[in-house]
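K.L.:
3D model of this:
(one chain, ligands or ions: 1)
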Amino acid sequence: MRLFEPSAVSFCCSCSRERTRAALASLGRAEIEELLEELGSITMDCEFCNQQYRFARADMEDVLGGAGPCNSALIATLGDIRRIYSQTISHNAVILT
Ligand SMILES: [Zn+2]
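P.N.:
Numbers count the residues shown, from 1 in each chain. Down below sits the predicted model:
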């Protein structure tokens, strides 16, 4: 078992709520709508530092805008979301269901 100074942990991981939200926003309106409908809210978990970021519909309203989902064909599976998100964030991360 290895122990780290608290300052070393924060130095190692550069994730933030805003950065995580930006990665989520990059998935697109249709995917976010689908996740919110299915899960109620979206929890992004950074595996690197174990920080969890929870996003409700109100947090994503600027991405979702006033218009509803206009392309129901653009529905991704959760597996797709995990893959896209792990490509967006430089370190490994998953969405908790
Ligand atoms: Zn992190």
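K.L.:
so Ala23 makes contact with Ile42?
P.N.:
No - Ala23 is not in contact with Ile42 according to C-beta atoms under 8 Å; the separation is 11.0 Å. C-beta: built from backbone N, CA, C; applies to glycine.
K.L.:
Between the two, which is the more surrounded one?
P.N.:
Between Ala23 and Ile42, counted using other C-beta atoms under 10 Å, the more crowded position is Ile42 (25 against 19).
K.L.:
Helices of the protein, residue ranges please.
P.N.:
For the chain, applying DSSP state H gives helices covering 6-12, 17-25, 29-39, 61-64, 78-88.
K.L.:
now the residue lying closest to Leu35 once chain neighbours are set aside: how far from Gly65?
P.N.:
Spatial nearest neighbour of Leu35, chain neighbours left out: Ile42 (5.1 Å); criterion: C-beta to C-beta, 6 or more residues apart in numbering. Distance, Ile42 to Gly65, using C-beta to C-beta, to the nearest Å: 17 Å.
K.L.:
Provide a list of residues in contact with Phe55.
P.N.:
Going by C-beta atoms under 8 Å, 6 or more residues apart in numbering, Phe55 touches Arg21, Leu24, Ser41, Ile42, Thr43, Met44.
K.L.:
Any of these buried? List them.
P.N.:
Burial by neighbour count, 16 or more other C-beta atoms under 10 Å: within these this picks out Arg21, Leu24, Ile42, Met44.
K.L.:
doesn't Glu31 make contact with the second one?
P.N.:
Going back to what we said before, that points to Leu24. No - taking contacts as C-beta under 8 Å, Leu24 lies outside contact range of Glu31: 9.0 Å.
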